[in-house]
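>>> next comes the sequence, and after it the predicted model I'd like to discuss.
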Amino acid sequence: MFEVLKEMLVSKLKVTPSSVVPDATRDDIDLDSLAVVELSMVLEKELGLAISDDELLEAATVGDMARLMEERSTAA
């Protein structure tokens, strides 16, 4: 799921590929709250994963976001 998230961050939100590592924080990849809202919408539209921007903001790292996606995809 991390690779899926990385691809979305790079292709949709123009994050530098080399900066997207599991322990990167939102600050590390320059992901502001507006970008997190956009990511939330992309996840729902493209993967059918309902993860709110608040939940994504609570995730400390990219790896945590990927785990959240993993949990939602298995719960669905």
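Looks like it arrived, so ask away.

>>> and the end-to-end length of stretch 22-42?
End-to-end distance of stretch 22-42: 19 Å, with CA to CA, to the nearest Å as the criterion.

>>> next, the buried residues of the longest helix along the chain.
If you go by DSSP state H, the chain has its longest helix at helix 62-75. Neighbour-count burial for helix 62-75, counted by 16 or more other CB atoms under 10 Å, picks out 62-63, 65-69, 72. C-betas here are computed from N, CA, C, even on glycine.

>>> report the rounded mean pLDDT for it.
The average pLDDT for helix 62-75 rounds to 94.

>>> how far off centre is it?
Helix 62-75 sits 9 Å away from the centroid of its parent chain (CA atoms, centre = their mean, to the nearest Å).

>>> list of residues touching that helix?
Identification of contacts with helix 62-75 by CB atoms under 8 Å, 6 or more residues apart in numbering yields 1-2, 4-6, 9, 20-25, 29, 43, 47, 49-51, 55-56, 59.

>>> among those residues, which are in strands?
Per DSSP state E, strands hold no members of the contacts of helix 62-75.
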